[in-house]
Structure formats: C-alpha cells, structure tokens
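**Q** Structure here, sequence nowhere to be found:
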C-alpha cells in the first residue's frame, strides 16, 4: 500500500487549517473580537471551541510567524526615515489580581507621500513598561530621521549624530484645538488657522517627488513658519506665564528646530500621523479585550499587529494574506523568509484592497 504524505499543517498535530487560523487571528487583532466572544459566535453556529483552544492556536501561530515579523523589523529599520510612537496596553499581573501597564511601540516606514515607490511596512514591539531603554534597544542600528512626539525617552537617541529629531505639528495643533474647544479662545483659533495654512500646502504636494516638495515648502511654508514664530513670541508678552495658552506656545517654541526641519527635506512629513494611524488598531482592540493575559500575550500581539498592519499598508486583505502565509510557512525555508513579505506574494493569492492613502 502506498499512501501520499499528509499535507503539513501550520500547527503540528493540530486540526485547524490555515483558513480557520487566519480568521481567528484577524477576528482578534483586526476586528477586535476577544477570544471568548469568538467562542460564543462559533457556538451559535453549532461549533464548540474552548477559549483555551483558541488561545493555543494564537500562541502557536505567533511562534510560527515570529521569523516573518523579524524580517519586517529588519526591513523597517533599514529605512532612512521612521515614524515612531507608543501606547499603553493593560497586562494581567499574575498573582496580584490586577493589571499593570505594558507598552506597544510602533515604527513605520512609509515614503509614499514623497513619491517613493518602496513598499511601506510597520513593526510593533512590546515592553512591560515605558522606560527609555526600550526605544534605545529598538533603534540601536537605525540611522536617519525619526519623526515622533516629544516623549523624553527618545531624547537620548538625539544626542548622537546618527538620529535626527523631527517633531509633529499635529501634537502642536491638538493643544490649541483643546484650548479653542474649552474656552473659545480667539488666540487659539488664530493659531489653528495659521497651522491649517501649513497643512493646505502639504495637501497640494502629497505624492510629489521629494525635491519638488522641498522647493514648494521653502518658497511657501517657510515664510508662514517664520510669521508664526514671530506671532508666538509676541503673544507670550501679553499672556500670563501660568496660562494654558502660554504652555501650548512654549511647547511649540521649545521644539521649533525639530518642527521646522521638514521644510528643508522633502522626504520628511509635517506630522507623525503615520505612526498614530498604525496604533489605531491597538486602541480599538484595547476597548474590547481590555487587557493582555501576560507579557507573552503582549509579544504575540506585537507580532500579529506587525503582519496585519504591513499587509494593510500594502493594500492587501490581511485575512487572505495570513491564510496564504500560514499555508506556506510550515514548509518554507527560513533562509528565504523574505519571500513571504506582503509585497513579495503574488497578487492573485492575497486579494488586494484599495491602497491606503
């Protein structure tokens, strides 16, 4: 009797196929459905699946996909410009009956607004706290421009010449927006109008080559920035030192060299919204599944958010992409893991979505 070998499965000795596993992962990390809700959905359809079974599947898949996430990390860190941000993730503290606060860090490589055709990608990393040593470790080999907020943990990175600080105008704008909403402040409203003029220029030149963007910014945005700086300085002479408006203006002036750096480099962006968009899935998921079960759960989440986020940035349906990857990866040579990156899979296998703007 001759019998063909059974096809490899993503999880050794597991009955779940790539399609079911991909659906569970997408339901949790893209559609924000906790595992216990997924169990309830399957039960309504006459399928009994224990939450522990789904948790084992998630753990097994994350372990299998870890080399691919590592390949994405290497690709992201090879860029000359990155967007960086972080957000809190409640994590269950074993034996304490409460949660602690972990962190998910995101690093985005996306040069499409500057007319670059290089594939975009995102890498997530988990840490049990918000210490500045974590971005130092993540970015120890990175060289280039880092677009981020004013988090003090990044300051150590800027002391060496290898990383250049680029600040975020969206954070400046948000402070004046909050003041205008709370107090209907005429000064805050004028600040918003002046910042809106800078964004109107960016809207016009999005997607154009970097050299053209730099020329337009220097010609049109440069004078607006100088005028805004002078207006900030003049406003400070008329405000109380302890007012919220003064704090908002001083925040902008303190970061002024980093805030205006984008004007002289067409590859840079006016804000850090690329990183904030990447974190949106985390904040939505946090409202639904409330907390991660452990530090290991946070690390698994980082792996899955990395793959799902990179698939979305490349216009792929993330469930189709994960199904394709899980179908292949068990037998795929690890030395050729880059072949499974989102932009290297054939378009007819991972259904494409409309490319992100």
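**A** Received it, and whenever you're ready, just let me know what you need. All values reported here derive from a predicted model rather than from experimental measurement. Numbering: from 1, shown residues only.
**Q** Please count neighbours and contacts with C-alpha atoms only from this point.
**A** Will do.
**Q** Starting from the helix or strand harbouring residue 274, tell me the next helix or strand along the chain.
**A** Per DSSP states H and E, residue 274 falls inside helix 273-289. Next in sequence after helix 273-289, counting helices and strands by DSSP H and E, comes helix 295-313.
**Q** Give the buried residues for that following helix.
**A** For helix 295-313, burial by neighbour count (16 or more other Cα atoms under 10 Å) applies to 295, 297-313.
**Q** what's the answer for stretch 266-279, then?
**A** Buried-residue list, stretch 266-279, by 16+ other Cα under 10 Å: 266-276, 278-279.
**Q** and it, how far from the chain's centre?
**A** Offset of stretch 266-279 from its chain centre (Cα atoms, centre = their mean, to the nearest Å): 9 Å.
**Q** before we move on, what about stretch 328-342?
**A** 24 Å.
**Q** measure it end to end?
**A** With Cα to Cα, to the nearest Å as the measure, the ends of stretch 328-342 fall 13 Å from one another.
**Q** Look up how far residue 286 lies from the closest residue to residue 289 other than its chain neighbours.
**A** Distances taken as Cα to Cα, 6 or more residues apart in numbering place residue 34 nearest to residue 289, at 5.2 Å, with adjacent residues excluded. Residue 34 sits 10 Å away from residue 286 when distances are taken as Cα to Cα.
**Q** For residue 103, what are phi and psi?
**A** phi -140, psi 140 (degrees, to the nearest 10).
**Q** thinking it is in contact with residue 131, fair?
**A** No: using Cα atoms under 8 Å, residue 103 is not in contact with residue 131, being 9.5 Å away.
**Q** So for those two, which residue has more residues nearby?
**A** Neighbour totals were compared for residue 103 and residue 131, and residue 103 leads with 21 against 13 (other Cα atoms under 10 Å).
**Q** Quick check: closest non-adjacent residue to that one.
**A** residue 88 is the one closest to residue 103 (Cα to Cα, 6+ apart), at 4.6 Å.
**Q** Validate this expectation: that neighbour resides in a helix.
**A** No: counting by DSSP: H, G, I helix; E, B strand; the rest coil, residue 88 falls outside a helix, being strand.
**Q** ok, now which ones touch it?
**A** With contacts defined as Cα atoms under 8 Å, 6 or more residues apart in numbering, residue 88 is in contact with 101, 102, 103, 104.
**Q** residue boundaries of the strands in the stretch 151-300 of the chain?
**A** 163-166 (DSSP state E, counting those that start in this stretch).
**Q** Might you list the low-confidence residue ranges for it?
**A** 290 (pLDDT under 70).
**Q** Kindly recompute the last result at 50.
**A** Scanning the stretch 151-300 of the chain for pLDDT under 50 picks out no residues.
**Q** so what's residue 30 up against?
**A** Counting by Cα under 8 Å, 6+ apart, residue 30 makes contact with 281, 285, 308.
**Q** Residue 260 now?
**A** residue 225.
**Q** Then residue 80?
**A** 142, 143, 144, 145.
**Q** Quick check: the third one touching residue 164?
**A** Yes: counting by Cα under 8 Å, residue 144 does reach residue 164; the two are 6.1 Å apart.
**Q** how many neighbours does the closest residue to residue 241 other than its chain neighbours have?
**A** Spatial nearest neighbour of residue 241, excluding adjacent residues (Cα to Cα, 6+ apart): residue 247 at 8.0 Å. By other Cα under 10 Å, 15 other residues sit near residue 247.
**Q** for the chain, longest helix please?
**A** Identified as the longest helix of the chain according to DSSP state H is helix 51-77.
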